[in-house]
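Asker: fold the stuff below for me.
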Amino acid sequence: MKKSDFSKRRIFVGVVDSDPLRFARFQALLDSYEDLQLASLPLSEIDAASSVDVVLLGKGHCQNSTEVMQHLNVIRPDLRVIVVASGKDNDAIVDALAHGAKGYVDEAAAAAEFVNAVRTVGQGLIWASRQVLALFIDRSSKDRQKQMGRKHFTIREKQVLEMLVRGKSNKEIAFPLGIVERTVKAHVAKLLQKVGVPNRVMLSVRALDQSLVSFE
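Answerer: Next up is the predicted model:
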């Protein structure tokens, strides 16, 4: 796909606490794409960097990914985070996804995968390998009886859940249903409570794993 196809929607990418050599590699991989703009930022400045859409969370944060994600969820709940790590860090990667990260890319991946991951996550969708998603689903399935049980959803909640699983934003859910975004947020909060998960990513995974949604 040509670069010009994406030029109308620029994605600002923050590379968090990366050493100069690693940031230089990210620049070499991504900086030639007109729709992507990179900046190296310390974690302490993310809150003030309101223009940043997507964060690349590097290898140095993998071991405490849960704490970092909890921190980011507080200061920038709208932020979309991609974990960049080694495939050997599966537990840390799954933990990061469980706490709200939207994607994972292996640190040795080619430029095309990084670009696709940033663009996909920038659209509000999830990017991860099938292996990582399988680990995520397996972990969430182990406690299904404890957290899930039999749940009753209203017709509206089912509609919201189906659109959420498709990767729709609150605005994109609200318009076809004829409701406001505030109402969508209320439905999502209720769904999180009923299913017993902390965020939209886990809600989507659990919905697919438990066949809570059906698509025509």
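Asker: would you mind giving the domain segments of this protein?
Answerer: 3-139, 143-209 (automatic domain parsing).
Asker: make JSON lines out of the ones you listed and add mean neighbour count and mean pLDDT.
Answerer: Just so you know, the C-beta spots here come from the backbone N, C-alpha and C atoms, and that holds for glycine as well. Listed next are the domains of the chain as JSON lines, based on neighbours: other CB atoms under 10 Å; pLDDT from 0 to 100:
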{"stretch": "domain 3-139", "mean neighbour count": "18", "mean pLDDT": "81"}
{"stretch": "domain 143-209", "mean neighbour count": "16", "mean pLDDT": "85"}
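Asker: separation between the residue nearest in space to the middle of the chain and D19?
Answerer: The centroid of the chain falls nearest to K102 when counting by CA atoms, centre = their mean (1.5 Å). Noted for K102: a distance of 24 Å to D19, by CB to CB, to the nearest Å.
Asker: now do V94
Answerer: Separation of V94 from D19 (CB to CB): 25 Å.
Asker: go ahead and confirm L36 touches V115.
Answerer: Yes. Counting by CB atoms under 8 Å, L36 touches V115, with 7.2 Å between them.
Asker: please enumerate the shared neighbours of these two.
Answerer: Residues touching both L36 and V115 (CB atoms under 8 Å, 6 or more residues apart in numbering) are L30.
Asker: measure D209 to I137 for me?
Answerer: Distance from D209 to I137, by CB to CB: 5 Å.
Asker: cool, and W127?
Answerer: 16 Å.
Asker: cool, R200 as well?
Answerer: From R200 across to I137, the span is 16 Å (CB to CB).
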